[in-house]
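Trainee: Just a sequence and a predicted model for now, questions to come.
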Amino acid sequence: MADEVRALMGVLHGDSASKGFLTTTSDFAPRLRQDPLITPFMSARLELINGSMLLGRLQNLAGLTSSST
């Protein structure tokens, strides 16, 4: 998955995109979020969404969680 994250970072830079999201139904490698080439982009320009985060967002959109209004 690290190769895909780095590829997305290349697209962000090359296309001058403001932010990129990479989603998986599983999880990212444990140390991926500590990679020195990736951490400077986290939150501000790059968001990694794992399976449990994706499920939570989808449930929220569907109005299945208490945080929806």
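Mentor: Alright, I've got the coordinates. Residues are numbered from 1 along each chain as shown.
Trainee: rest of the way, CA atoms for contacts and neighbours
Mentor: Fine.
Trainee: Count the neighbours of residue 28 for me.
Mentor: 17 (other C-alpha atoms under 10 Å).
Trainee: That one and residue 3 touch, don't they?
Mentor: No. If you go by C-alpha atoms under 8 Å, residue 28 and residue 3 don't touch, sitting 11.4 Å apart.
Trainee: tell me, what residue is most central in this structure?
Mentor: The centroid of the chain falls nearest to residue 48 when counting by C-alpha atoms, centre = their mean (1.7 Å).
Trainee: you'd agree it is in a helix?
Mentor: No. Read with DSSP: H, G, I helix; E, B strand; the rest coil, residue 48 is strand and lies in no helix.
Trainee: who touches the residue nearest to it when sequence neighbours are not counted in this structure?
Mentor: Setting aside the residues directly before and after it, residue 48 is nearest to residue 22 in space (C-alpha to C-alpha, 6 or more residues apart in numbering), at 5.1 Å. With contact taken as C-alpha atoms under 8 Å, 6 or more residues apart in numbering, residue 22 is in contact with 5, 8, 46-49.
Trainee: quick one: which of these is nearest to residue 60?
Mentor: residue 49 (14.5 Å; C-alpha to C-alpha).
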